[in-house]
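>>> Got a predicted structure plus its sequence, pasted below:
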Amino acid sequence: MKLNYGFRDPALAQLALTHRSIGKPNNERLEFLGDALLGVIVAEMLYEAHPKSNEGELSRLRAQLVNGQALAVVARDLELGDDLKLGAGELKTGGFRRDSILADAFEALLAAIYLDSGFDACRRVVRELFGERIVALRRSSKDAKTRLQEHLQGGGWPLPQYELTASHGEDHAKTFDVSCSISEPLPLSAEASGVSRRAAEQDAAETVLGQLLEQQRKP
């Protein structure tokens, strides 16, 4: 196990890695506690990293970080599967590779750290493991207009031009038609419609960026 933490009570670590297929005691209660601890600490990290995001956006980002599949990736990075204690049936069916088992064991391990050394120790481990993941998530969550602008700026090319070409409907239910165009490194343009000018600009920018990246990938 590649965990940057040394247990004062090794029995807690062993319990955290003991699946219910072994019988009792197992890691189910620790998993319950670890799930709550992880949620709080990741929420704190996202709150710091995304000062302009609303509650819904923060909740969506947290869900991307702490779902079972994502936690299983963390568990594999720590090589938890090598130390899991599984019953005969789970061993035969490859339980040490199963996402749900790995994710639960990881959460249980966080609870074991908390019980062994307190909240600050648990928080340090989580922040160490999730810091780069949150940075990567922050980059990938940038909107299309920002990504297109940064891509063009990185190449030293002119910024995109947006133009409102038309609007339709009553004031309370308008639809906006917008074009997005670039002159370099390739002349490209796209049009999109949306319930707001910003939404239409985002969709048009997404199309132009996709076209540009596709052209640049060609030999």
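Okay, I see it. Residues are numbered from 1 along each chain as shown.

>>> what domains does the record give for this structure?
10-140, 144-217 (automatic domain parsing).

>>> and the next element down the chain from the one helix or strand residue 64 maps to?
Assigned by DSSP states H and E, residue 64 belongs to helix 55-66. Using DSSP H and E, the helix or strand that follows helix 55-66 in sequence is helix 68-77.

>>> between that following helix and helix 55-66, how many degrees?
Angle, helix 68-77 to helix 55-66, by axes from the mean of the first three to the mean of the last three CA atoms, to 10 degrees: 40 degrees.

>>> how much space between the residue nearest to residue 70 when sequence neighbours are not counted and residue 5?
Excluding the flanking residues, the one nearest residue 70 by CB to CB, 6 or more residues apart in numbering is residue 64, at 6.6 Å. From N, CA and C alone the C-beta is placed, and that goes for glycine too. Separation of residue 64 from residue 5 (CB to CB, to the nearest Å): 25 Å.

>>> out of the two, which sits in the more crowded spot?
Between residue 64 and residue 5, counted using other CB atoms under 10 Å, residue 5 has the larger neighbour count: 17 against 14.

>>> quick revisit: just to check, the residue nearest to residue 70 is in contact with residue 137?
Yes. Applying CB atoms under 8 Å as the test, residue 64 and residue 137 come out as touching, 6.3 Å apart.

>>> how close does the residue at the greatest distance from the centre of the chain get to residue 192?
Going by CA atoms, centre = their mean, the residue of the chain most distant from its centre is residue 170, 39.1 Å out. Per CB to CB, residue 170 is found 21 Å from residue 192.

>>> ditto for residue 69
Residue 69 sits at a distance of 32 Å from residue 192 (criterion: CB to CB).
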